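*Asks:* test case, fold it:
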Amino acid sequence: MDLGISGRTAIICASSKGLGRGCAQALAEAGCTVVINGRDGTTLEATASQIRATTGATVLTVVADVSTRAGQEALLAAAPQPDILVNNNGGPPPKPFRDVSREALVEGVVQNMATPLELVQAVVDGMIARRFGRIINITSASVLTPLPGLDVSSAARAGLTAFLAGVAREVAHANVTINNILPGSFDTDRLKSGLSKMAANEGMSVDQMAEERRKDVPAGRFGEADEFGKLCAFLASAHAGYITGQNLLIDGGAFRGSF
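*Replies:* Below you'll find the predicted structure:
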C-alpha cells in the first residue's frame, strides 16, 4: 500500500534502536525524510547508515537527550516544519513504589509527559497551518494495565494520554491527528535488561525467564520492532486522517479485556 506520505518529513525521537528505530525504518520505507535521535553518536550513525542503505531515504541525525530543551531545539533545527512527530523516550527503571523519591518522580514526569508535550506545542501550529500533521506517542500497555515496578512510567504516560485527549479533538479539523501506540512485550534492549534482572532475582536463566514471559502472551512470542514500525507508519499515513485521540494496543493479546 502506498501510504501517501512520500516526501514528508518525520522527526522520530529516541530512534537509534528499539521501537523508535522500527518507526524510523518504516517511515523511511514510505518515502519520508527522517530525523533520528539518540544519545550515543556511534549507535545513531550506524542506524542512519543502515536505514539509508536499505531505503535510499534522506536520514538526518541529532545526537541529543530529547528530555532537555537543548535536545529539543536541535531536533527542531534539523526539521523546523515536520509533518510527522513520533514521541518516544526512555522510561525510568523498574522500582518498588515505596522506593520512588521525589526526584525520581519528577524526572519520570519530565521524560514521559512533559517532553512529548513540549514537542507537540512546538510543532502543532505549523501542522495546522499546512493542513497536515501526524503526532504519534509511544506510550505503554501499562497505561491500561498495571505492571509491577513501572508506577512512575505508567503514571507519566497516562498523564500524557489524558492531556492530549482533548488536544486531539481541538486540532482534528485541520487534518492533524494525535494518537498513542501502547506496546506490550517487544524484543528490545529494554526488555532484555528487564528479563536479566528478573532472572537474577528468581534464580533462573534469562532464557527460562523469557520463556515464562512468552507464556503470558497469547501470540506465544515477543513483538518485533519492525511490526511496531509498520503500525506507526500507517497512523502517520494519508489514510489515517479519521483516526485521532486513540490508544492502539499492540501486545499479542496479552491484555485481557473485551473493550
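*Asks:* okay, now residue 54: neighbour count?
*Replies:* 11 (other Cβ atoms under 10 Å). Heads up, the C-betas are built off the backbone N, CA and C, glycines and all.
*Asks:* ugh, typo on my part, it should be residue 252
*Replies:* Neighbours of residue 252 (other Cβ under 10 Å): 18.
*Asks:* wait, doesn't it sit right on residue 228?
*Replies:* No - if you go by Cβ atoms under 8 Å, residue 252 and residue 228 don't touch, sitting 11.4 Å apart.
*Asks:* residue 248: which element?
*Replies:* strand 247-250 (DSSP states H and E).
*Asks:* where along the stretch 1-150 of the chain do the helices fall?
*Replies:* Counting by DSSP state H, counting those that start in this stretch, the stretch 1-150 of the chain has helices at residues 18-29, 41-55, 69-78, 102-109, 115-130.
*Asks:* just send the ones you listed back as a markdown table, with distance to residue 144 and mean pLDDT too.
*Replies:* As requested, the helices of the stretch 1-150 of the chain are exported to a markdown table (distance: least, Cβ to Cβ, whole Å; pLDDT from 0 to 100):
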| stretch | distance to residue 144 | mean pLDDT |
| --- | --- | --- |
| helix 18-29 | 17 | 98 |
| helix 41-55 | 30 | 98 |
| helix 69-78 | 28 | 98 |
| helix 102-109 | 18 | 96 |
| helix 115-130 | 18 | 98 |
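*Asks:* packed most tightly, which of those would that be?
*Replies:* helix 18-29 (a mean of 27; mean count of other Cβ atoms under 10 Å).
*Asks:* touching, residue 28 and residue 50? I think so.
*Replies:* No - taking contacts as Cβ under 8 Å, residue 28 lies outside contact range of residue 50: 10.0 Å.
*Asks:* need the residues touching each of these two.
*Replies:* Here residue 28 and residue 50 have no joint contacts, going by Cβ atoms under 8 Å, 6 or more residues apart in numbering.
*Asks:* so which of the helices of the stretch 1-150 of the chain is nearest residue 189?
*Replies:* helix 18-29 (6.2 Å; Cβ to Cβ).
*Asks:* next one: stretch 17-37 to chain centre, how far?
*Replies:* With Cα atoms, centre = their mean, to the nearest Å as the basis, stretch 17-37 stands 11 Å off its chain's centre.
*Asks:* now the longest helix along the chain: mean pLDDT?
*Replies:* When the chain is parsed with DSSP state H, its longest helix is helix 151-171. Mean pLDDT, helix 151-171: 97.
*Asks:* angle of it against helix 115-130?
*Replies:* Interaxial angle, helix 151-171 versus helix 115-130 (axes from the mean of the first three to the mean of the last three Cα atoms, to 10 degrees): 10 degrees.
*Asks:* mind checking how far residue 248 is from residue 144?
*Replies:* Distance, residue 248 to residue 144, using Cβ to Cβ, to the nearest Å: 11 Å.
*Asks:* I am finished for the moment; much appreciated.
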